[in-house]
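> Would you be able to build a 3D model of this:
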Amino acid sequence: MAIHITAPLTPEVARTLKAGDSVLLSGTVYTARDAAHKRLCRLVAEGKELPFPIKGAVIYYVGPSPARPGQPIGSAGPTTSYRMDAYAPTLLRLGELGMIGKGKRGSEVIVAMKETGAVYFGAIGGAGALLSRCVKSSRLICYEDLGAEAIRELEVENLPLTVVIDAEGTDLYETGRRAYLEQRAKK
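Numbering: from 1, shown residues only. Here you go, the predicted structure:
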């Protein structure tokens with residue numbers, strides 16, 4: 001059974017989620033990939049304000065395709081997350097509590113997640129057209145010159161996700177593999 005949660009996240013909600021949990025996320029999510037993350041971290045280094053509220057924020061690593069007429073967004077599948085690993089610890093330490101993407105994360109990101117109580121959600125790769133149905137509105141925030149990689153504010157409803165790494169650092173890529181191998185060895 002899926003857990004219904006709302007973004008922005010609270011530290012209390014983020015810490016209750018466990019690796020392997022299925023969630024349905026509703027609320028406000030921001031899009032950003034590596035080029036946007038680089039610019040955000042440059043703003044932080046310069047002591048400037050970020051273009052959206054970072055406390056409790058959930059950032060979806062996505063570069064959506066153009067919207068069809070009458071739709072808020074085009075296909076919106078997740079980007080491979082390790083591309084943001086150099087930047088994620090900075091944003092986590094500023095208050096970001098959720099990341100959505102696909103694939104493994106580096107040890108520095110996991111350390112920052114444990115320090116800050118953040119979670120990493122996996123979205124289904126290759127299902128961008130289906131995931132886009134959960135997007136109810138999309139608004140350009142900044143970096144329009146980045147095209148699909150510009151930062152957007154999305155309002156989502158029941159976006160299906162899996163907690164891949166929880167606030168304690170439990171990593172489903174590790175525990176799931178181990179459980180599979182143990183189960184297979186019993187056969």
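> helices or strands up against the helix or strand Y120 falls within?
Here Y120 sits within strand 119-122, counting by DSSP states H and E. When contacts are defined as 3 or more Cβ pairs under 8 Å, 6 or more residues apart in numbering; DSSP states H and E, strand 119-122 packs onto strand 98-101, helix 107-116, strand 151-165. No exception for glycine: its C-beta is placed from N, CA and C like everyone else's.
> quick one, helices of this protein?
With DSSP state H as the criterion, the chain has helices at 11-16, 34-45, 88-94, 107-116, 128-132, 172-186.
> Of those, which is nearest I141?
Comparing those by their distance to I141 (Cβ to Cβ), the top pick is helix 34-45, with 9.5 Å.
> Which strands and helices lie in contact with that closest one?
Taking 3+ Cβ pairs under 8 Å, 6+ apart as the contact definition, the neighbouring helices and strands of helix 34-45 are helix 88-94.
> The helix it packs on packs against which elements?
Counting contacts by 3+ Cβ pairs under 8 Å, 6+ apart, helix 88-94 packs against helix 34-45, helix 107-116.
> Mean pLDDT added to the ones you listed, as JSON lines?
Formatted as JSON lines, the helices and strands packed on helix 88-94 follow (pLDDT from 0 to 100):
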{"stretch": "helix 34-45", "mean pLDDT": "97"}
{"stretch": "helix 107-116", "mean pLDDT": "98"}
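> Select, out of these, the one closest to S65.
Smallest distance to S65 across the helices and strands packed on helix 88-94 (Cβ to Cβ): 16.6 Å, for helix 34-45.
> Show me what counts as buried in the closest one.
With burial defined by 16 or more other Cβ atoms under 10 Å, the residues of helix 34-45 counted as buried are 34-37, 39-41, 44.
> Next: stretch 55-65.
56-64.
> Stretch 143-152 now?
Neighbour-count burial for stretch 143-152 flags 143, 149-152 (criterion: 16+ other Cβ under 10 Å).
> if we take these, which one ends up nearest to Y30?
I151 (6.0 Å).
> What sits closest to the closest one if chain neighbours are left out?
Take I151 and drop its neighbours on the chain: the residue closest to it by Cβ to Cβ, 6 or more residues apart in numbering is I141, 4.4 Å away.
> hang on, isn't that neighbour packed against P51?
Yes - contact between I141 and P51 holds when scored by Cβ atoms under 8 Å: they sit 5.4 Å apart.
> Does A123 touch L161 like I think?
Yes - here A123 reaches L161: they are 5.7 Å apart, a contact under Cβ under 8 Å.
> Noted, bye for now.
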